[in-house]
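>>> have a look at this prediction, sequence included:
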Amino acid sequence: MTIILDRYPLPDKGTLTIRETVTIRVSAEEARRTVDRWLLDQVSYMLGAEEPVFVIGAQTGWRVPVAYSAPHVGRVGVAGHVKVDAQTGEILDPDETKTLLLQEAKALASQLPPFRVRETPAEYWASDMQPTRGPGDPVNTPEDLIPFPPQD
């Protein structure tokens with residue numbers, strides 16, 4: 001686990017004394033799952049939570065990186081972070097966070113190469129199969145439909 005000390009000024013050299021009692025009621029894995037669920041339900045299926053970092057500062061909790069992925073290239077980069085309260089498991093500032101994540105994901109997407117359809121080589125095509133229907137034929141005709149329940 002990585003811990004970030006957010007409000008502790010560090011001297012260039014010397015001794016640093018840190019005295020802070022922190023109670024963690026939400027694990028890193030619970031925070032990551034909470035963020036993943038929120039991203040899928042509220043933001044975008046193309047964003048996913050990564051390994052959280054514990055931050056001790058004004059608001060002690062988990063900072064969960066969010067990766068943007070595109071179907072044609074995979075993981076593109078980090079679109080931002082979601083803060084999760086270590087006591088309650090609540091996502092902090094969800095509306096503002098959603099807006100920032102979507103803006104950064106859009107910026108990352110603008111740098112991607114355009115999607116190109118890949119052609120299937122002819123040797124992989126089925127050459128010994130008859131078409132199931134001819135061009136212009138309707139998908140379902142009354143003869144194709146099976147009555148329900150089946151009649152004898």
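Nice, I can see it.
>>> start and end of stretch 59-76, how far apart?
End-to-end distance for stretch 59-76: 29 Å, by C-alpha to C-alpha, to the nearest Å.
>>> can you tell me what sits against it?
4, 22, 26, 28, 31-32, 35, 39, 46-55, 77-87, 92, 101, 104-105, 108-109, 112-113, 115-116 (C-beta atoms under 8 Å, 6 or more residues apart in numbering). Quick note: C-beta positions are derived from backbone N, CA and C, even for glycine.
>>> which entries within the residues you listed meet the buried criterion?
Buried subset of the contacts of stretch 59-76 (neighbour count, 16 or more other C-beta atoms under 10 Å): 26, 28, 31-32, 35, 39, 46-49, 52-55, 79-86, 101, 104-105, 108.
>>> given the lowest-mean-pLDDT helix or strand in the chain, what are its sheet partners and their directions?
Using mean pLDDT, DSSP states H and E, the weakest-scoring helix or strand in the chain turns out to be strand 3-5, at a mean of 71. Sheet partners assigned to strand 3-5 using DSSP bridges are listed as strand 53-56 (parallel).
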